[in-house]
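[1] missing the sequence, but the structure's below:
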């Protein structure tokens, strides 16, 4: 964690001068945004700050209920004129609100981050937003066991259980630091992998039944429509991780998962060696080189599939492997 050179005095001044602090996590939350947010939440509670943590989604992942203070997550902002700390959010719109006139401390690791904060603590080389948060807040005070559990959960999830291209010696050093603070790795892994809902299994079965290989089996395509979501009783939190099944096939370079919902088509992109963030950015989305997302509006599922494949071919993405 020693490579970080944060504006510590500026961040410290922001926090100390704030009467109230609102921690914001992104829409359709995953373990990184909530784990990072809850880790910071407990750190600030220990400082004696008046702090709230907010997510504006309709539902939260039930697999994360074991996280300390998960029950404190609010569905709306209650503090007025509070300092906002955004977690794992590349754009302001992903928070689901405008936050006009509020000072923002932006903590993230997306290469596509738009630097919307008053202060931006963004490191695209970090494997999770929790790694960035730990690097910052560990220099401002002691990290509690509760915060460590939250940060480790975020790390384990966003690293896909230490299997992504960003896993290195520093990442394991980060994990070791958190374990030294009292994290039980087996407990966290069990909570994340063995507490799935029945609806998540049902929607997974529907997606896998439609699995299609394209472009010489180098692209794996999965999708579900609104009727299938309704039939299975699934919500957006139940589809987390389905895209990984598309990428897992030996021949597949790019895995794509499309979900039809009221606002449009949500697209998850995963790759092994090619940079899918360029494709996402060209279509109004963003993310990481090997994990990105897009929301397509005013297109049907079939139109979205065709458009994505056409862009992959046109841009030659399958032939541009990331070093």
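    In hand now; what should we look at? Treat the numbers as computed from the prediction; the structure is a model and nothing was measured.

[2] Work out the sheet partners of the lowest-mean-pLDDT helix or strand in the chain and label each with its direction, please.
    Every helix and strand of the chain was ranked by mean pLDDT, DSSP states H and E. The lowest is strand 286-288, at a mean of 86. Strand 286-288 has its sheet partners listed here by DSSP bridges as strand 291-296 (antiparallel).

[3] Between the two ends of stretch 207-219, how far is it?
    15 Å (CA to CA, to the nearest Å).

[4] so for that stretch, what's the average pLDDT?
    The average pLDDT for stretch 207-219 rounds to 96.

[5] buried residues in stretch 117-130?
    In terms of neighbour count (16 or more other CB atoms under 10 Å), stretch 117-130 has its buried residues at 117, 119-123, 126-130. The C-beta positions use only the backbone N, C-alpha and C, and glycine is treated the same way.

[6] May I ask which two of these are separated the most?
    The widest separation within the buried residues of stretch 117-130, taken as CB to CB, falls between 119 and 127 and amounts to 21.8 Å.

[7] Which one of the buried residues of stretch 117-130 is nearest to residue 173?
    residue 127 (11.6 Å).

[8] Rounded mean pLDDT for whichever helix or strand residue 150 is part of, please.
    When elements are defined using DSSP states H and E, residue 150 is found to belong to helix 145-158. Along helix 145-158, the predicted confidence averages to a pLDDT of 98.

[9] And the next helix or strand past that helix?
    Following helix 145-158 in sequence order, the next helix or strand is helix 169-180 (DSSP H and E).

[10] Identify the residues contacting that next one?
    Helix 169-180 has contacts (CB atoms under 8 Å, 6 or more residues apart in numbering) with 1, 3, 127, 131, 134, 148-149, 151-152, 155, 159, 162, 185.

[11] and if we set it to 6 Å?
    Contacting residues not belonging to helix 169-180 are listed as 127, 131, 148, 151-152 [CB atoms under 6 Å, 6 or more residues apart in numbering].

[12] which pair in those spans the largest distance?
    For those, the maximum inter-member distance is 16.1 Å, found between 127 and 148 (CB to CB).

[13] give me the low-pLDDT residue ranges for the stretch 201-323 of the chain?
    Counting by pLDDT under 70, the low-confidence segments of the stretch 201-323 of the chain come to 321-323.

[14] same check, this time on the stretch 1-150 of the chain
    Using pLDDT under 70, the flagged stretches of the stretch 1-150 of the chain are 1-4.

[15] how many other residues sit next to residue 59?
    Around residue 59 there are 13 other residues, counting by other CB atoms under 10 Å.

[16] So the residue nearest to residue 185 when sequence neighbours are not counted versus residue 163, what's the distance?
    What sits nearest to residue 185 in space, not counting adjacent residues and going by CB to CB, 6 or more residues apart in numbering, is residue 179, at 6.3 Å. For residue 179, the distance to residue 163 equals 18 Å [CB to CB, to the nearest Å].

[17] Who has more neighbours out of these two?
    When residue 179 and residue 163 are compared for neighbours, residue 179 comes out ahead with 14 against 8, by other CB under 10 Å.

[18] Next one, pLDDT for that one please.
    On the pLDDT scale, residue 179 is placed at 98.

[19] Residue 199: how many residues sit nearby?
    Neighbours of residue 199 under the rule other CB under 10 Å: 17.

[20] repeat for residue 100
    As a burial measure, residue 100 scores 5 neighbours (other CB under 10 Å).

[21] what do you get for residue 13?
    Neighbouring residues of residue 13 were enumerated by other CB under 10 Å; the total is 12.

[22] contacting residues around the helix or strand it falls within?
    Mapping residue 13 onto the secondary structure by DSSP H and E places it in helix 8-17. Helix 8-17 is touched from outside by 83, 119, 139, with contacts defined as CB under 6 Å, 6+ apart.
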